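Novice: what follows is a protein structure lacking sequence information:
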Ligand code: GTP
Ligand code: SPV
Ligand code: MN
């Protein structure tokens with residue numbers, strides 16, 4: 001088969017050539033291929049991936065350009081315990097990150113990389129994170145021996161020649177080294193060197209561990225650069241809300257992994273909101289900086305969606321279903337006998353027979369899940385029927401509201417507005433959420449996941465909070481800050497709030513508040529909608545249920561504030577005083593409420 005890309009370097013940038021040569025000398029691949037991002041190249045890479053059984057061709061009539069991939073069963077999610085921030089001192093990485101000294105990490109991984117690509121191809125994947133021509137955008141180069149990673153990077157980033165055009169002769173690019181290795185979790189390391197703008201990943205082919213532009217560069221390295229350069233790299237979706245009169249309001253929202261960002265970013269408002277439209281700018285990551293007009297402007301550094309498949313259906317997220325109809329790679333979902341894909345929660349009857357995510361026969365009597373709970377689709381943003389026309393805008397979009405939201409069965413009400421920026425930072429910093437299948441480990445345990453960034457902050461969490469607090473003085477027209485919880489449960493463990501499209505009702509209140517158009521009730525922990533403020537008409541649930549979803553229970557909050565202390569203590573002396581004082585203030589206010 002002919003080579004799918006060039007074996008000759010496609011740039012004369014001396015820093016790039018030197019680095020690629022060094023890495024190739026270490027890994028010793030049989031061949032080094034430089035990717036240009038063309039359609040023709042994609043076609044040939046795909047052909048090779050199918051020939052190598054890395055991808056399986058799906059029914060091309062039904063799903064044109066779509067392919068199926070199964071990862072090793074031990075390699076299906078991010079691995080937080082094997083993810084390291086390698087700063088010169090442990091204190092710089094802080095108490096919430098795993099730390100390894102840079103020399104030790106380079107040494108350990110160099111030994112693993114040594115000769116690791118013998119008999120394999122090293123793909124040189126140049127890419128841009130952020131819109132082409134944006135002052136916010138960054139160039140990365142990922143070296144990988146995984147054709148699956150190369151193809152996914154082609155969907156998730158602006159991959160190819162334009163990255164070298166943007167880079168020119170500059171040395172300012174992220175150096176991403178990725179080798180699949182033997183996938184033994186004992187030899188799996190995802191190491192970040194913020195000071196060197198470098199990522200070394202070994203032993204995983206999955207998502208956030210291997211697609212280095214995403215969590216590794218856009219968040220861990222990005223957050224470090226953001227602090228140094230005065231901007232914010234956040235685990236946030238970005239959406240535009242358009243009123244029937246055509247008024248646009250942009251909102252950014254941080255929910256932890258598998259807690260509803262993609263769904264919220266593509267939401268279709270219910271009938272009651274006739275004439276309202278939601279436009280997606282991004283579904284996972286936001287880079288935000290202060291614009292010349294004093295507002296906070298956001299771009300989505302990505303160019304595609306690596307979305308959770310289970311639960312995605314025509315009723316929960318029709319726009320996502322339309323997005324994955326073509327040119328999509330499905331990973332670890334189930335396969336039907338006629339080469340269609342299936343997952344728990346998809347529309348229609350459950351097929352009687354399937355091949356499950358491990359490649360085993362599966363019947364509808366099986367007790368196992370057919371699709372892995374963290375199975376995903378990789379789809380181009382341009383497939384999204386509600387893609388914002390500003391998604392590629394180099395300036396980004398101006399943010400009027402920031403929302404933090406967790407997965408909480410109790411305590412946290414449906415929606416809450418902070419009193420001011422610092423209180424909003426406090427709400428974000430104390431965000432709690434039940435763990436999900438997006439990372440390995442126990443699912444359903446409440447943990448503190450500040451700003452949904454616990455696994456993604458590339459430096460000391462205390463300094464990150466201080467950076468957020470300091471941003472206030474840099475943003476003359478700051479967004480308003482809110483907190484939401486779609487996941488409150490009743491006594492029987494049933495979700496109280498219907499969620500999905502119905503979240504528009506909450507979003508509408510948020511947009512009105514951000515524009516100063518609607519009233520609210522002050523509680524000790526923030527502003528909440530007054531009775532009647534949330535538009536509930538046409539909603540098929542009882543007012544009592546909405547009340548329960550919105551309730552602020554004093555006993556629960558007492559426990560919550562106790563629990564927050566443990567986390568604040570863990571951050572230690574880098575914890576900003578303003579946040580610990582906020583907690584104490586709330587405890588005092590709580591005394592007034594209960595007496
Ligand atoms: P990552 O890609 O891991 O960052 O996840 P995400 O935050 O984009 O989450 P996503 O939108 O993919 O949703 C994850 C899971 O939560 C899916 O199974 C959804 O069906 C479910 N979900 C999303 N929104 C809601 C909601 O409003 N209510 C309820 N009950 N479930 C929701
Ligand atoms: C997440 O876990 O938040 C994801 C998936 O978006 S991954 O790319 O694996 O990080
Ligand atoms: Mn995510």
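Specialist: Great, that's in hand. The shown structure was predicted, so the numbers you read here are calculated from the model rather than taken from an experiment. Numbers count the residues shown, from 1 in each chain. Ligands and ions are numbered 1, 2, ... in the order given.
Novice: so residue 336 touches residue 342, yeah?
Specialist: Yes. Counting by Cβ atoms under 8 Å, residue 342 is a contact partner of residue 336 at 5.5 Å. To be clear about C-beta, it is placed using only N, CA and C from the backbone, and glycine gets the same treatment.
Novice: any weak-confidence spans in the stretch 301-450 of the chain?
Specialist: Residues of the stretch 301-450 of the chain meeting the criterion pLDDT under 70: none.
Novice: again, but for the chain
Specialist: By pLDDT under 70, the weakly predicted segments of the chain are 1-4, 594-595.
Novice: between residue 336 and residue 342, which one's more packed in?
Specialist: Taking neighbours as other Cβ atoms under 10 Å, residue 336 and residue 342 compare with residue 342 leading, 22 against 16.
Novice: quick check: that one touching residue 353?
Specialist: No. Look at residue 342 against residue 353 with Cβ under 8 Å: they stay out of range, at 10.4 Å.
Novice: for ligand 2, what are the nearby residues on the stretch 51-200 of the chain?
Specialist: The stretch 51-200 of the chain comes close to ligand 2 at residues residue 78, as judged by Cβ under 6 Å from any ligand atom.
Novice: all strands for the stretch 51-200 of the chain, in order.
Specialist: For the stretch 51-200 of the chain, strands defined by DSSP state E, counting those that start in this stretch occupy the ranges 56-57, 67-69, 83-85, 98-99, 121-129, 138-144, 158-159, 174-179, 189-193, 198-202.
Novice: domains for the chain, by residue range?
Specialist: Per automatic domain parsing, the structural domains of the chain span 14-34+80-229, 234-300+391-594, 304-383.
Novice: distance to residue 74 added to those, as JSON lines?
Specialist: Below are these laid out as JSON lines (distance: least, Cβ to Cβ, whole Å):
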{"stretch": "domain 14-34+80-229", "distance to residue 74": "6"}
{"stretch": "domain 234-300+391-594", "distance to residue 74": "9"}
{"stretch": "domain 304-383", "distance to residue 74": "11"}
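Novice: so which of those domains is nearest residue 73?
Specialist: Ranking those by their distance to residue 73 (criterion: Cβ to Cβ) puts domain 304-383 first, at 5.4 Å.
Novice: ok, is the closest one in contact with ligand 3 or not?
Specialist: No. Applying Cβ under 5 Å from the ion, one finds domain 304-383 separated from ligand 3 by no less than 7.7 Å.
Novice: got it, and stretch 423-436?
Specialist: No. Stretch 423-436 is not in contact with ligand 3 by Cβ under 5 Å from the ion; minimum separation 10.1 Å.
Novice: and that stretch, anywhere near ligand 2?
Specialist: No. Stretch 423-436 does not reach ligand 2 (Cβ under 6 Å from any ligand atom); its nearest approach is 8.1 Å.
Novice: that stretch close to ligand 1?
Specialist: No. Using Cβ under 6 Å from any ligand atom, stretch 423-436 stays clear of ligand 1, with a minimum separation of 7.1 Å.
Novice: still on that earlier bit, identify the contacts common to residue 336 and residue 342.
Specialist: 351, 354 (Cβ atoms under 8 Å, 6 or more residues apart in numbering).
Novice: residues contacting residue 82?
Specialist: Contacts for residue 82 were tallied using Cβ under 8 Å, 6+ apart; they are 98, 185, 188-190, 203.
Novice: cool, residue 78 as well?
Specialist: Residues counted as contacts of residue 78 (Cβ under 8 Å, 6+ apart) are 206-209, 215, 257, 438-440, 455.
Novice: got it, and residue 93?
Specialist: Counting by Cβ under 8 Å, 6+ apart, the residues that residue 93 touches are 84-87, 99, 459-460.
Novice: ok and the residue in the stretch 401-550 of the chain nearest ligand 2?
Specialist: residue 438 (3.6 Å; Cβ to the nearest ligand atom).
Novice: for residue 92, see how far away the closest residue in space to that residue that isn't next to it in sequence is.
Specialist: Distances taken as Cβ to Cβ, 6 or more residues apart in numbering place residue 257 nearest to residue 438, at 3.4 Å, with adjacent residues excluded. To residue 92, residue 257 is 24 Å away according to Cβ to Cβ, to the nearest Å.
Novice: which one's more surrounded, those two?
Specialist: With neighbours defined as other Cβ under 10 Å, residue 257 and residue 92 compare such that residue 257 has more, 26 against 18.
Novice: for the more buried one, give me its contacts.
Specialist: Residue 257 is in contact with 78, 235, 436, 438-439, 452, 455, counting by Cβ under 8 Å, 6+ apart.
Novice: hmm, try it at 7 Å
Specialist: Going by Cβ atoms under 7 Å, 6 or more residues apart in numbering, residue 257 touches 436, 438-439.
Novice: how about it, secondary structure?
Specialist: Here residue 257 takes the coil state, with states given by DSSP: H, G, I helix; E, B strand; the rest coil.
Novice: so what's the backbone phi/psi at it?
Specialist: When quoted as degrees, to the nearest 10, the phi and psi of residue 257 stand at phi -50, psi 140.
Novice: next one: residue 273
Specialist: Torsion angles, degrees, to the nearest 10, at residue 273: phi -100, psi 40.
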